[in-house]
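**Q** This is a predicted model, with the sequence first.
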Amino acid sequence: MNIKISNIANLPTEFGDFKIQSFKEDEKEHLVIFKEPFADAPLVRIHSECLTGDALGSLKCDCGEQLRYALKNISQKGGMVIYLRQEGRNIGLLNKVNAYALQDKGLDTVEANHQLGFEADMRTYEIVEYILEYFNIKKIYLLTNNPKKIEAINGVEIVKRLPIVIKANTHNEGYLKVKKDQMGHLL
Ligand SMILES: [Zn+2]
């Protein structure tokens, strides 16, 4: 891995005051948004970029709500959001929009990805262990509904998985059902 690390800067937000530091892995510029002091096992959210959900308030998925839930909790308890720049489950924004267009025609998220020649989920998490090690974090409380993330993290101890509980809306009901039934999410 070729990784460049930025300096640390302050980031006041509507959820509280955080510090941010960027980790550039090849072309991908990830961001760690953190709140100190860290407990012995801090609260960690590994969040993959979803421009439409995180920034535009899209109701097609639950990403934006999960991100805000995480920031709110972490601002109170300390810990970090590791924001990974792997848009659209790592197929990129252009492919994600094409997948959405297929979903407009009735395909679900998994079928749409397959039709475009991708796996249902192309995300990777190698950088996460690097970042946790960099911060000298040996154990964490992991804020996630995704068992794949629990499997993907081996270098640090996951003391406990904490669920993110969010209500479905009429637009993302189907999406959440596919996540649960076909992708093993713990909803
Ligand atoms: Zn999303």
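**A** Great, that's in hand. Residues are numbered from 1 along each chain as shown.
**Q** contacting residues for Asp62?
**A** By CB atoms under 8 Å, 6 or more residues apart in numbering, the contact set of Asp62 is Gly53, Ile166, Ala168, Asn172, Tyr175, Leu176. No exception for glycine: its C-beta is placed from N, CA and C like everyone else's.
**Q** So which residues on the chain come close to the ion?
**A** Cys50, Gly53, Cys61, Cys63 (CB under 5 Å from the ion).
**Q** All the strands of the protein, in order from the start?
**A** With strands called from DSSP state E, the chain shows them at 3-5, 9-13, 16-25, 28-35, 43-48, 79-84, 139-143, 157-162.
**Q** Show me what the residue most central in space within the chain bridges to in the sheet.
**A** Among the residues of the chain, the smallest C-alpha distance to the mean C-alpha position (CA atoms, centre = their mean) belongs to His47, namely 1.4 Å. On DSSP bridges, the residues paired with His47 through beta bridges are Tyr83.
**Q** hey, which helix or strand in the protein has the poorest pLDDT?
**A** helix 173-183 (a mean of 75; mean pLDDT, DSSP states H and E).
**Q** and it, what does it pack onto?
**A** Using 3 or more CB pairs under 8 Å, 6 or more residues apart in numbering; DSSP states H and E as the contact test, the elements touching helix 173-183 are helix 109-115.
**Q** for the helix it packs on, what is the average pLDDT?
**A** When pLDDT is averaged over helix 109-115, the result is 92.
**Q** Tell me both backbone torsions, phi and psi, for the residue lying farthest from the centre of the chain.
**A** Note on the chain: the largest C-alpha distance from the chain mean falls to Lys105, namely 27.0 Å (CA atoms, centre = their mean). The phi and psi values for Lys105, taken as degrees, to the nearest 10, are phi -90, psi 0.
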